[in-house]
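1. Sequence first, predicted model second:
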Amino acid sequence: MPEAVAIKPELIRWAVARSGLPRDDLTKSFPKLAEWESGETSPTLKQLEKFAKKTMTPFGFMFLEEPPVEELPIPDFRTVADRPINRPSPNLIDTIHAMRRRQAWMRDYVIEQGQGELEFVGSAMQARNPLTLAVRIRDTLGLNPDWAEVHATWEEALRTLRESAERIGILVATSSVVGLNNRRPLDPQEFRGFVLCDSFAPLIFVNGADSKSAQMFTIAHELAHVWIGRDGLFNLINTLPHNDEAERFCNAVAAEFLVPAYKLHERWAEASARENPFKVIARWFKVSPLVVARRALDLKLIDKATFFAFYEQVQEEWKKHKAEERDNRKGGPNFYVYQDTRLGRRFAYAVVRAVREGRLLYREAYELTDLRGDTFDRYASLLIQRVKNERQ
């Protein structure tokens with residue numbers, strides 16, 4: 001019989017709490033879990049390896065003297081009921097570390113290619129006027145105030161915003177899971193996105209499990225972070241930003257960037273005459289109706305009672321939508337086309353070029369992209385062909 005491994009019970013309990021997995025699910029996989037937690041018995045080495053994998057715990061952590069204190073490597077501006085969130089999930093932690101590795105590689109790559117520092121990163125550290133900065137960001141991206149309205153769908157507008165950011169040197173990655181692991185979904189209630197500032201390779205990560213309209217706000221919010229040169233993790237629960245001056249400023253910049261105050265004032269009468277004014281405006285500007293309602297409240301176009309009544313309505317509609325989404329899951333986009341969004345076209349193309357030119361080992365490219373073997377080769381060929389076609 002395999003010998004049990006001497007593991008401190010508090011590490012088992014810590015791994016269980018850290019995982020956030022349902023208790024019943026863990027007990028089904030590990031019938032003696034309660035005994036391990038109490039110290040009555042200990043798992044075998046094989047059981048411990050399986051437990052660490054199931055709970056997404058680094059295996060080496062299980063042999064520590066006491067549970068480690070895991071701190072996020074970037075400032076945490078998430079809130080629940082306007083209070084900070086204490087424990088990040090393993091999925092969030094692993095995603096941040098993966099993006100930091102990509103950013104570090106890309107930074108070295110662009111420097112090697114002779115790219116200078118991006119002047120706009122941190123250029124607005126002393127900015128105080130959200131309108132002025134929103135205009136500056138829009139101009140740098142090459143967008144006009146009506147840019148979102150010319151697109152028929154949220155998807156088109158989102159793609160334009162993402163591509164505009166990448167065109168000026170910002171890496172934009174969007175995913176709903178850790179790597180390619182569909183069993184490790186990213187929860188938009190935990191975080192909407194984050195930004196890693198760097199003067200050579202700033203990176204924005206967007207939680208792809210969020211709605212397209214919400215993703216628009218996340219990118220706009222993180223763009224403001226790039227301009228003030230400040231890393232941050234973002235969620236915006238109940239439309240309330242973290243109680244931090246810079247975070248509130250970035251929210252105001254994002255709101256002005258997406259829904260300029262003068263344009264909302266100009267079209268408010270037209271929208272108000274319609275049955276669902278917030279949804280009408282949302283379709284114009286390609287943002288969520290809740291963002292429109294909050295913008296109207298801030299501009300004193302509606303009162304608090306109207307806003308909170310609409311907020312409750314949106315919450316109920318969201319719950320219904322998620323339930324229907326679970327019941328009617330359909331096939332997603334083409335796998336290889338989706339990689340442009342997941343990895344970010346700018347980053348992916350740099351990796352493929354580096355491999356083709358012999359400046360990056362395939363093994364390293366696999367680790368950076370989560371794509372391996374024939375899958376990587378197939379994606380690389382398709383990406384090069386797409387870029388070639390677009391340039392003709």
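-> The structure has been received and is ready for your questions.

2. Stretch 189-202: which residues count as buried?
-> 190-198, 200-202 (16 or more other CB atoms under 10 Å). Glycine gets a C-beta too; all of them are placed from N, C-alpha and C.

3. again with stretch 91-98
-> When neighbours are counted by 16+ other CB under 10 Å, the buried residues of stretch 91-98 are found to be 91-96, 98.

4. out of those, who's nearest L236?
-> Of all those, the one sitting nearest L236 is L92; the distance, using CB to CB, is 15.4 Å.

5. show me what contacts that closest one?
-> By CB atoms under 8 Å, 6 or more residues apart in numbering, L92 lies in contact with 72, 186, 190-191, 233.

6. can you map out the strands along the stretch 201-350 of the chain?
-> Chain-ordered strands for the stretch 201-350 of the chain, with DSSP state E, counting those that start in this stretch as the definition, fall at 203-207, 232-234.

7. and those as JSON lines, adding mean neighbour count and distance to T44?
-> Putting these into JSON lines (neighbours: other CB atoms under 10 Å; distance: least, CB to CB, whole Å) gives the following:
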{"stretch": "strand 203-207", "mean neighbour count": "26", "distance to T44": "37"}
{"stretch": "strand 232-234", "mean neighbour count": "25", "distance to T44": "38"}
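
8. looking at the ones you listed, which has the lowest confidence?
-> In terms of mean pLDDT, the lowest-scoring of these is strand 232-234 (a mean of 90).

9. sorry, back to before: in the contacts of L92, find the pair that's most separated.
-> Of all pairs drawn from the contacts of L92, the widest gap by CB to CB lies between L72 and L186 and measures 14.6 Å.

10. Low-confidence regions, this protein specifically.
-> 1, 79-86, 237-242, 318-319, 321-333 (pLDDT under 70).

11. sorry, back to before: among the buried residues of stretch 189-202, which two are most distant?
-> With distances taken as CB to CB, the most widely separated pair in the buried residues of stretch 189-202 is E190 and F200, at 29.1 Å.

12. So D187, which state does it fall into?
-> Recorded secondary structure, D187: coil (DSSP: H, G, I helix; E, B strand; the rest coil).

13. thinking it is in contact with D210, fair?
-> No. With contact defined as CB atoms under 8 Å, D187 does not reach D210; the gap is 9.7 Å.

14. Mind checking which of these two has more residues around it?
-> Neighbours of D187 and D210, each counted by other CB atoms under 10 Å, are more numerous for D210; the result is 23 against 15.

15. That one against E190, yeah?
-> No. In this structure, D210 sits apart from E190 without contact. The criterion is CB under 8 Å, and the distance is 10.9 Å.

16. Where do the helices of the stretch 1-150 of the chain begin and end?
-> According to DSSP state H, counting those that start in this stretch, the stretch 1-150 of the chain carries its helices in the segments 9-19, 23-29, 33-38, 45-54, 90-112, 130-141.

17. Next, the buried residues of the third one.
-> Yep, that's helix 33-38 we're talking about. Neighbour counts using 16+ other CB under 10 Å place 33, 36-37 of helix 33-38 among the buried residues.

18. Show me what it is packed up against.
-> The helices and strands touching helix 33-38, judged by 3 or more CB pairs under 8 Å, 6 or more residues apart in numbering; DSSP states H and E, are helix 9-19, helix 23-29.

19. circling back to that earlier point, output the strands of the stretch 201-350 of the chain in JSON lines; the columns should cover distance to G373.
-> Formatted as JSON lines, the entries for the strands of the stretch 201-350 of the chain read as follows, by distance: least, CB to CB, whole Å:
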{"stretch": "strand 203-207", "distance to G373": "26"}
{"stretch": "strand 232-234", "distance to G373": "33"}
